[in-house]
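Chemist: 3D model of this:
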Amino acid sequence: MDLRSELLKSIWYAFTALDVEKSGKVSKSQLKVLSHNLCTVLSIPHDPVALEEHFRDDDDGPVSSQGYMPYLNKYILDKVQEGSFVKENVDELCWTLTAKKNYRPNGSSILPPKDAFRLWCLFNFLSEDKYPLVMVPDEVEYLLKKVCMAMSVELNCVEMEDFISQESVQQSGFTVWVFLEMMNSGKLTRGIDKEVVSMAIEEVYREIVGDVLKEGYLWKRGQLRRNWMERWFTLKPSMLAYFTSEDRKERKGSITLDGNCCVETLPDKDGKRCMFCLKTASKSYEMSASDTKQRQEWTAAMQTAMRLGAEGKSSLHKDLKMKRREQREQRERRRAAKEEELQRLRALQEEKERKLAELELLREAQKQAQALLEQDELRRRQQHEQMQQALEVQLREAEQARASMQAEMALKEAEAERQKKRIGELEEMQKQLEEALHQEIKARQDEEAFRFDQASLLAEEEEKMKALMALQEEQEEYILKTQREKQELKQEMESKTRALDEAQRQLEEVRANRHRVDQDVVAAQRKLRQASTNVKHWNVQMNRLMHPIGPGEKRPSAVGSPFSSFRIPTQRDPGLRLRQRSDEHDDESKENVDSSGVGDTERRLSQASNGDMEIP
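Modeler: Numbers count the residues shown, from 1 in each chain. Purely as a prediction, here's the structure:
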C-alpha cells in the first residue's frame, strides 16, 4: 500500500462527510475549502484558479465525485512529496470532518476523542483497498489481540463472536463506525482502567501506523566524552532515533540502519551490564539495556529494521498485512475448491445411487440368467467328469508302467555294482596292454556316438511328451463344447484317443530304445574302465622296472656270479641318461596316463628289447 492509497482513504471519509445527501456529489464551495485545507496540511501551494478552471462548466449545480478525482490526482496528490508533511495532520483534518457527522458517542462511551481518532487511523490502515472501506473480521480480531496484548490481558472471544455473528457484519464486514461502537460498548475491555486502554491503543497506534518497531529507555555511551547517558530510543525501519525523554520533544540524534550495519552483544564492563554494540559503516554505538530480555528484544528488533531497510521496505506491518491478505485469499480459494469438490461429490453420490438402482435391476436379470447357466454348467460338468475319469485311468496305467521301468533301472544299477567288483579281478591281464589301448580309443568313440544317440532319443521323447500334452489339452477343449456338437465331439474324441494310444505306444518304444542305449553306454564305460586299469597297471610295472640305481649304492662283485655279465652304467652311458630322464618325468607320466603313458611304455619296451637300456 503506497502513500497515495493511504491519503485517499482518509480523503474519502472527508468527501463522504461533505456528501450530505449521499448522492456522490458535493458543492463547489465545499470542495474549495477541502482542497485548500488539504494543500495546507500537505505543504503544497494552493491554486484556486485551477479549481475554477476544472469545474467551469458546472458552476450552478453540485460537482460529482468523478469530476473531483482527476483534479485531486493532478493538482494535489501528484505534487505530494513524502517526508515534507506530517501524515497525522492529514488524518486529523479528515477525522474532524467525518467525526462531526458520523461519530456520535453516547454518555456511556469509554473512548476519549484521541483514542477514537487513533482507532480510526488503525482501521484505515488495516481495511481493505475497496470502497466503501470495511475491515474483515480476521483483521479486527488481529487488531483487538494486539490491543489486549499491550494491556497484558486476554481477548474476550465470546463478545467478539457475538459482534461477528451479526448479519450486517457477515455480509459486508466491519465499518469503522460499527467498530468504534463495539469498542465504546466496553464489553471487550470490561474491568480495565480507561488509562490502561488509552496507553495500549497509543502503543498499538505507534507500532502499526507510526511504524515503530520498538521504543524505550537505553543507556548510550557518548562519542566524544565517553560518558553514559540514559536516552529514549525509537526504532523504525531503516532508522533509530533517540531523545532526552519519552515525550520525544528534544531529539538528540538518529542512526541510519542499512545492510552495512550489524549488532552484537558485549561483555559487561565499566559497571554496565547487558551491553550491546550497533556498528554502522562509520561509527560504533555502545548501549546498555536494563536486563538480558530487553537486550535480546532490542537486538532482534534492530536486526529486523536492518533487514527491512536492505529489502527496501518502509513498514513491517504493511508487509504483514499483505501476507495475511494472501493467506486469506488462499483460504478462500481452498474453501471454494472444497465447496466445488463437495458439490462434485454430491453429484457423484447421486450418480452412484442411480447406478445402484440400475445395478439392482441388472442383478435380478443376472440371477435369472445365472439359473439357466447353472443348469447348462451342470450338464457340461457331468460330461467333463466322465472324460476326466477315463483320463485318470489312462494316467494310472502310465504311472504303473513308469514304476516298472524304474524297478528295472534299479536292477540294472545293482548289476552295474556287481560288474564294478569284477573289475578288480582283471588286473592280472598284463600281456594285453596294446589291445586294451586300442579298445580304450574305440570305446571313447563309441561312447560319444552313444551319447549323441541318447541325446537325440531324449529330445524325441520330449517332443513326444509335448505332443501328448497338446493332445490332452485339445481333448479338454473339446470337452467344453456345447450339447449341440456332442455327436461330432464324440467322433473327434475317439480319433484323439487312438492318437493318444499311438503316442503312448511310441513313447514306450522310445523308452525301450533309450534303455538299450543306456546298456550300450554302460558296456562302453566298462570297457573304458578296463582299458584305463590296464594302462595304469602297466605304467606301474614299467616304473618299477625303470627305477635307476643311485650313485651311492654298491653291489659286491664275485667271480663266477650269475650277475657278472651286467655292468654299472656311467654318466656317459645312454641307458643311464634314459633312466634319468624317465625319473624326471615320472610324475608327469603318472598324471597323463590316457595321453602319453602308452607312448612312453612302448618306447621303453623297444629300448629294452634292442639292448639300449640296462635293467639294474
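Chemist: which stretches of the stretch 251-400 of the chain form helices?
Modeler: 292-311, 316-423 (DSSP state H, counting those that start in this stretch).
Chemist: of all those helices, which gets the most neighbours per residue?
Modeler: Across the helices of the stretch 251-400 of the chain, averaging neighbours per residue (mean count of other Cβ atoms under 10 Å) puts helix 292-311 on top, at a mean of 17. For the C-beta atoms, the positions are set from N, CA and C on the backbone; glycine is no exception.
Chemist: Which neighbouring elements make contact with it?
Modeler: strand 214-221, strand 228-236, strand 239-243, strand 262-266, strand 275-279, helix 316-423 (3 or more Cβ pairs under 8 Å, 6 or more residues apart in numbering; DSSP states H and E).
Chemist: Between the ones you listed, which one is closest to F123.
Modeler: Checking these against F123 by Cβ to Cβ gives helix 316-423 as the closest, at 12.6 Å.
Chemist: Any idea how far the closest one is from the middle of the chain?
Modeler: Helix 316-423 has its C-alpha centroid displaced from the chain centroid by 31 Å (Cα atoms, centre = their mean, to the nearest Å).
Chemist: which stretches of the stretch 1-150 of the chain aren't confidently modelled?
Modeler: 1, 57-66, 107-109 (pLDDT under 70).
Chemist: For it, which segments are assigned as helices?
Modeler: Along the stretch 1-150 of the chain, counting by DSSP H, counting those that start in this stretch, helices occupy 3-18, 28-41, 48-54, 65-71, 87-102, 113-126, 137-151.
Chemist: can you list contacts of the last one?
Modeler: By Cβ atoms under 8 Å, 6 or more residues apart in numbering, the residues outside helix 137-151 that reach it are 122-123, 126-127, 135, 154-155, 160, 164, 169, 173-174, 179, 188-189, 192, 196-197, 199-201, 203-204, 207-208, 321, 324, 328.
Chemist: Show me just the buried residues among the residues you listed.
Modeler: Among the contacts of helix 137-151, those classed as buried by 16 or more other Cβ atoms under 10 Å are 122-123, 126-127, 135, 155, 160, 164, 169, 173-174, 179, 188-189, 192, 197, 200-201, 203-204, 207-208, 321, 324.
Chemist: mind checking pLDDT for A470?
Modeler: At A470, the pLDDT value in this model is 85.
Chemist: thinking again about what came up before, turn the helices of the stretch 1-150 of the chain into TSV, including distance to D78.
Modeler: Compiled in TSV, the helices of the stretch 1-150 of the chain are given as follows (distance: least, Cβ to Cβ, whole Å):
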stretch	distance to D78
helix 3-18	9
helix 28-41	12
helix 48-54	12
helix 65-71	11
helix 87-102	16
helix 113-126	21
helix 137-151	30
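Chemist: Packed most tightly, which of these would that be?
Modeler: Most buried among those, counting by mean count of other Cβ under 10 Å: helix 113-126, with a mean of 20.
Chemist: Who are the packing partners of it?
Modeler: helix 3-18, helix 87-102, helix 137-151, helix 176-185, helix 194-208, helix 316-423.
Chemist: Tell me the first helix or strand C-terminal of the longest one.
Modeler: Meaning helix 316-423. helix 433-479 (DSSP states H and E).
Chemist: The next helix or strand along the chain from that following helix vs helix 316-423, what angle?
Modeler: Next helix or strand after helix 433-479 toward the C-terminus (DSSP H and E): helix 486-545. Here helix 486-545 runs at an angle of 70 degrees relative to helix 316-423 (axes from the mean of the first three to the mean of the last three Cα atoms, to 10 degrees).
Chemist: orientation of helix 486-545 relative to helix 433-479 in degrees?
Modeler: Using the same axes, to 10 degrees, helix 486-545 lies at 160 degrees relative to helix 433-479.
Chemist: Save the helices and strands packed on helix 113-126 as JSON lines, and put in distance to T234 too.
Modeler: Shown next, in JSON lines, are the helices and strands packed on helix 113-126 (distance: least, Cβ to Cβ, whole Å):
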{"stretch": "helix 3-18", "distance to T234": "21"}
{"stretch": "helix 87-102", "distance to T234": "15"}
{"stretch": "helix 137-151", "distance to T234": "16"}
{"stretch": "helix 176-185", "distance to T234": "26"}
{"stretch": "helix 194-208", "distance to T234": "8"}
{"stretch": "helix 316-423", "distance to T234": "14"}
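Chemist: so which of those helices comes closest to H515?
Modeler: Per Cβ to Cβ, nearest to H515 of the helices and strands packed on helix 113-126: helix 316-423, 7.5 Å.
Chemist: I figured G186 hits I110, correct?
Modeler: Yes. Taking Cβ atoms under 8 Å as the definition, G186 is a contact partner of I110 at 4.9 Å.
Chemist: For the spatially most central residue of the chain, give me the pLDDT.
Modeler: For the chain, R334 is the residue whose C-alpha lies nearest the centre (Cα atoms, centre = their mean; 23.8 Å). Per-residue pLDDT puts R334 at 90.
Chemist: do you know how far it is from L38?
Modeler: 43 Å (Cβ to Cβ, to the nearest Å).
Chemist: Could you export the helices of the stretch 251-400 of the chain as TSV, including distance to W95?
Modeler: Output for these, formatted as TSV (distance: least, Cβ to Cβ, whole Å):
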stretch	distance to W95
helix 292-311	28
helix 316-423	20
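Chemist: Looking at these, which is nearest to A449?
Modeler: helix 316-423 (20.4 Å).
Chemist: Now do the closest one and helix 292-311, the angle between them.
Modeler: If you take the same axes, to 10 degrees, helix 316-423 sits at 90 degrees to helix 292-311.
Chemist: circling back: nearest to V86, of the helices of the stretch 251-400 of the chain?
Modeler: Here helix 316-423 is closest among these (Cβ to Cβ), at 18.7 Å.
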